[in-house]
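Colleague: Fold the following, please.
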Amino acid sequence: MAQKKAKKPKISSKAAFILSSVFLALCVAMLFLSISLTKQDEATKASLSSSAVEAAEGKTKIKRPPVSTKEKTKKKTPTFTSDELPLPDATKIDAPQIAPATTNPADTTSAADTTSADTTSADNTTTADTTSADNTTADNTATAPATTPATTSAKYKIYIVLDDGGHNLTQLQPFLNLPFPLAVAVLPHLAHSTDTAKKVVESGKTLMLHQPMQAINRSVDPGPGAIEPEYPVEKICAILEENIAQVNSASSGNSKLVGMNNHEGSLITENEQIMKIVLETCQKHNLFFLDSRTNAASVCRKVADELGMTIYERNIFLDNTPNQDEMIVQFRRGIDYAKKSGSVIMIGHVWSGENLAEVLQKMYSEYSSQGFEFASF
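Modeller: From the prediction side, this is the model:
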């Protein structure tokens with residue numbers, strides 16, 4: 001018998017419709033899901049910064065915050081040389097008026113009176129000073145040598161002091177040739193100390209003793225006739241007397257020495273006990289004292305106040321470098337100071353010689369016609 005072919009199962013039209021609908025629904029759902037995922041991905045990418053996208057793709061470099069193009073201004077800290085220390089506002093000197101101690105009473109005092117004043121004890125100093133001042137005529141209280149007329153109409157005064165005289169005479173001469181008053185501070189016991197003092201007096205300039213004193217840096221040698229902190233009172237007094245006599249001997253007993261300032265001395269000028277001896281010696285010999293201000297911690301003014309003594313203080317150092325342009329800058333700083341305070345004390349050094357002398361001549365020509373008087377003590 002012939003075998004019958006197996007019949008294939010037939011799907012009803014109803015079932016086919018249901019299957020088609022389910023399939024279509026799945027396709028639509030997949031389409032919506034795909035669109036949703038695409039939009040979400042685009043939104044995520046849009047929310048990222050461009051730098052973050054680049055970082056995610058491994059293409060970016062680390063970016064630093066933008067720097068402002070505004071120019072930055074740095075505060076400059078003022079620098080000072082070892083010699084020139086800033087003066088605290090509280091210790092800036094007032095306009096230097098000629099104090100009683102700056103008067104040279106010995107100009108009209110006999111040799112006997114001078115000897116008596118030199119040997120007066122500290123207790124009798126006040127009396128001796130008062131008597132001498134009373135006997136001094138008005139002519140002898142002038143702040144400038146007789147060869148230079150005093151300028152009464154000057155609004156500001158400039159005091160020039162030249163330290164370290166006594167090493168040689170060649171560097172000294174250009175300063176003695178200058179046509180205005182100035183002071184020369186002479187170191188004691190050098191080869192040319194006596195001749196320097198003599199030439200200063202003969203030129204009509206002001207003679208001072210440049211008293212050596214120990215610096216804080218103990219390796220610095222202040223030179224012969226120096227005061228050391230460990231010296232007893234008797235030795236300090238003896239050194240001062242010897243140095244005064246040695247420098248003053250050039251004036252043949254006429255007592256032309258009128259003042260003293262410190263050479264080095266940053267260690268000594270902060271010592272109240274020693275400075276009391278120094279200032280009492282100045283009082284005894286009718287000498288004014290000028291604090292060179294090599295130490296901002298100087299007690300000179302404090303001790304002077306206790307003794308009822310007026311002293312001076314240095315305001316400007318002129319020749320911290322040998323460059324003339326820089327010397328002029330320093331001088332103009334002194335001019336600014338004088339405009340504020342009425343006067344200024346500027347210190348230079350004999351060893352600058354012609355170099356500094358040329359600057360001083362130029363500044364004299366410029367400022368003497370502008371209401372500035374070049375004066376001396």
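
Colleague: Tell me how far Pro232 lies from Ile277.
Modeller: To Ile277, Pro232 is 10 Å away according to Cβ to Cβ, to the nearest Å. (Each C-beta comes from the backbone N, C-alpha and C, glycine too.)

Colleague: ok so Glu354 is a helix residue?
Modeller: Yes. Counting by DSSP: H, G, I helix; E, B strand; the rest coil, one finds Glu354 located in a helix.

Colleague: Near it, how many other residues are there?
Modeller: Glu354 is flanked by 14 other residues according to other Cβ atoms under 10 Å.

Colleague: hang on, isn't it packed against Asn177?
Modeller: No. Assessed by Cβ atoms under 8 Å, Glu354 is found out of contact with Asn177, at 9.8 Å.

Colleague: Mind listing the shared neighbours of these two?
Modeller: Applying Cβ atoms under 8 Å, 6 or more residues apart in numbering, one finds that no residue jointly contacts Glu354 and Asn177.

Colleague: hmm, back to that, what about Pro232 and Ile277, which has more around it?
Modeller: Ile277 (20 against 8).

Colleague: Would you list the phi and psi of the residue found closest to Val186 once you drop the neighbours it is linked to in the chain?
Modeller: Excluding the flanking residues, the one nearest Val186 by Cβ to Cβ, 6 or more residues apart in numbering is Gly165, at 4.1 Å. Note on Gly165: backbone dihedrals following degrees, to the nearest 10 are phi -70, psi 150.

Colleague: Correct me if wrong: Gly165 contacts Leu187.
Modeller: Yes. Counting by Cβ under 8 Å, Leu187 is a contact partner of Gly165 at 6.5 Å.

Colleague: Between the two, which is the more surrounded one?
Modeller: When Gly165 and Leu187 are compared for neighbours, Gly165 comes out ahead with 31 against 26, by other Cβ under 10 Å.

Colleague: Please list all residues in contact with that one.
Modeller: Leu172, Val184, Ala185, Val186, Leu187, Ser193, Thr196, Ala197, Val200, His210, Val350.

Colleague: quick one: the helices in the stretch 201-350 of the chain?
Modeller: Ranges of helices in the stretch 201-350 of the chain, per DSSP state H, counting those that start in this stretch, are 233-248, 272-284, 300-307, 324-341.

Colleague: returning to what we had before: so what sits against both of Gly165 and Leu187?
Modeller: Ser193, His210.

Colleague: thinking again about what came up before, most neighbours, which of the contacts of Gly165?
Modeller: Val186 (32 neighbours).

Colleague: gap between Thr194 and Val186?
Modeller: From Thr194 to Val186 the distance is 9 Å (Cβ to Cβ).

Colleague: Next, show the common contact partners of these two.
Modeller: Common contacts of Thr194 and Val186, defined by Cβ under 8 Å, 6+ apart, comprise Val247.

Colleague: max-length helix in this structure?
Modeller: Taking DSSP state H as the criterion, the chain has its longest helix at helix 13-47.

Colleague: Pass me the low-pLDDT residue ranges in the chain, would you?
Modeller: Within the chain, the stretches with pLDDT under 70 are 1-12, 38-154, 250-255.

Colleague: Kindly recompute the last result at 80.
Modeller: Along the chain, segments meeting pLDDT under 80 span 1-17, 19-20, 28, 31-154, 249-255.

Colleague: Which parts of it are strands?
Modeller: Ranges of strands in the chain, per DSSP state E, are 156-165, 183-186, 206-213, 257-264, 288-291, 312-313, 316-317, 343-349, 372-375.

Colleague: looking at the ones you listed, which is closest to Gln273?
Modeller: When these are compared by Cβ to Cβ, strand 206-213 sits nearest Gln273, at 13.4 Å.

Colleague: tilt between that closest one and strand 156-165?
Modeller: Following axes from the mean of the first three to the mean of the last three Cα atoms, to 10 degrees, one obtains 50 degrees for the angle between strand 206-213 and strand 156-165.

Colleague: orientation of strand 206-213 relative to strand 257-264 in degrees?
Modeller: Using the same axes, to 10 degrees: strand 206-213 against strand 257-264 is 30 degrees.

Colleague: quick one: Gly166 and Asp221, what's the gap?
Modeller: Spatial separation of Gly166 from Asp221 under the definition Cβ to Cβ is 15 Å.

Colleague: The two: who's more crowded?
Modeller: Counted by other Cβ under 10 Å, Gly166 and Asp221 do not tie: Gly166 has more neighbours, with 24 against 11.

Colleague: any chance you could read off phi and psi for that one?
Modeller: Per degrees, to the nearest 10, the backbone of Gly166 is at phi 120, psi -10.

Colleague: just the one 3 residues further on next, same as before
Modeller: Dihedral pair for Leu169: phi -100, psi -20, per degrees, to the nearest 10.

Colleague: I figured it hits Thr194, correct?
Modeller: No. Leu169 is beyond contact range of Thr194, at 11.0 Å (criterion: Cβ under 8 Å).

Colleague: who's more crowded, the two?
Modeller: It is Thr194, of Leu169 and Thr194, that has more neighbours when counted by other Cβ under 10 Å, with 18 against 15.

Colleague: can you tell me how far that one sits from Ser266?
Modeller: To Ser266, Thr194 is 28 Å away according to Cβ to Cβ.

Colleague: Same check on Gln246?
Modeller: 24 Å.

Colleague: same deal with Ala338?
Modeller: Ala338 sits 26 Å away from Ser266, going by Cβ to Cβ.
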